[in-house]
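Here is my input; please provide its structure:
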Amino acid sequence: MSGYIGNNNVTQENYKIGVEILNACGKSLKVDNEQMIDVITAISGSGPAYFFYLAEAMIKAAEDLGIKK
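The predicted structure follows:
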């Protein structure tokens, strides 16, 4: 997930090109203020780490219950 915002110097054509590039890598969301970029970064940047932390916990629980690798 990518977030984007632009100022008055960004043309509609530039927005279109930028959105196409971002959507080629996933979904994108136009936000109303720059502080929301920090929120999106925290969620999308940290999300994979939480997923892998959960996966590691599940693997450890399975091993503790006797399941072998």
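
mind listing what the residue nearest the centre of the chain touches?
Ranked by distance to the mean C-alpha position of the chain (CA atoms, centre = their mean), the top residue is S44 at 2.3 Å. Contacts for S44 (CB atoms under 8 Å, 6 or more residues apart in numbering) come out as 1-2. All C-beta spots, glycine's among them, are computed from the backbone N, C-alpha and C.

In whichever helix in the chain runs longest, which residues are buried?
Secondary structure of the chain per DSSP state H: the longest helix is helix 35-64. Within helix 35-64, the residues scored as buried using 16 or more other CB atoms under 10 Å are I40.

rewinding a little: and the gap between the residue nearest to the centre of the chain and K30?
As judged by CB to CB, to the nearest Å, S44 and K30 stand 15 Å apart.

And for G18?
10 Å.

Please apply the same query to G45.
19 Å.

now the chain, which segments are flagged as low pLDDT?
Residues of the chain meeting the criterion pLDDT under 70: none.

How far does stretch 62-69 stretch from one end to the other?
9 Å (CA to CA, to the nearest Å).

Tell me the gap between that stretch and the middle of its chain.
32 Å (CA atoms, centre = their mean, to the nearest Å).
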